[in-house]
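Undergrad: model the following, please.
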Amino acid sequence: MNAMLLVIMIAVGGGAAISFQSLFSGVIGEKLGIIESVFIVHLGGLLLAGTLLLAIGGGNIASWRSVPWYALCAGFIGVAIVASISYAVPRLGLATTLTVTIVSQLIIGAIIDNFGLLGATHHPLDPSRVIGIMILFLGTWLVIR
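TA: Numbering: from 1, shown residues only. All right, here's what the predicted structure looks like:
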């Protein structure tokens, strides 16, 4: 199998996982509350990641001090992600929530790439990317109207 195809299939699997996690955290948020949903989702993630880390003998976790301080905020940002999705899915529906979330990710990603912020590789915002962003706005409007 081509290496790029494998990477793409892994990304597709990640996208599917995001859909299911969003749905499930929305159900938990609706039944128990937003903070409760965030807690349950992150507790489950902690247990699985901790088990996997133990299974591989700790991996490279001892080098955590070499990671830039701002990257260590990913867990805090994860709380905001799960909370916002837990809140939005029951109110907007899964497709609309994911559409708005994904379009937001792509636009912020293009801005981060354009300026090479926070260690990102610089990829200029050229006319084709601007057209792509405009098409994303149109697609988002078609989904949420």
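
Undergrad: which residues in this structure form helices?
TA: Counting by DSSP state H, the chain has these helices, from start to end: 3-31, 34-55, 74-92, 94-115, 127-144.

Undergrad: tabulate these (CSV), appending distance to R65 and mean neighbour count.
TA: To be clear about C-beta, it is placed using only N, CA and C from the backbone, and glycine gets the same treatment. CSV is the format used below for the helices of the chain (distance: least, C-beta to C-beta, whole Å; neighbours: other C-beta atoms under 10 Å):
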stretch, distance to R65, mean neighbour count
helix 3-31, 28, 13
helix 34-55, 17, 13
helix 74-92, 15, 16
helix 94-115, 24, 15
helix 127-144, 36, 12
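
Undergrad: distance to T121 and mean pLDDT added to those, as a markdown table?
TA: As requested, these are arranged in a markdown table below (distance: least, C-beta to C-beta, whole Å; pLDDT from 0 to 100):
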| stretch | distance to T121 | mean pLDDT |
| --- | --- | --- |
| helix 3-31 | 16 | 92 |
| helix 34-55 | 26 | 96 |
| helix 74-92 | 18 | 94 |
| helix 94-115 | 7 | 92 |
| helix 127-144 | 14 | 92 |
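
Undergrad: who wins for proximity to V67 among those helices?
TA: Nearest of the helices of the chain to V67, taken as C-beta to C-beta: helix 74-92 at 9.4 Å.

Undergrad: got the contact list for that closest one?
TA: Among residues not part of helix 74-92, those counted as contacts by C-beta atoms under 8 Å, 6 or more residues apart in numbering are 21-23, 25-30, 34-35, 37-38, 41-42, 97, 100-101, 144.

Undergrad: which of the helices of the chain sits closest to I61?
TA: When those are compared for distance to I61 using C-beta to C-beta, the nearest one is helix 34-55, at 6.3 Å.

Undergrad: what is the closest one packed up against?
TA: For helix 34-55, the contact count by 3 or more C-beta pairs under 8 Å, 6 or more residues apart in numbering; DSSP states H and E identifies helix 3-31, helix 74-92 as packing neighbours.
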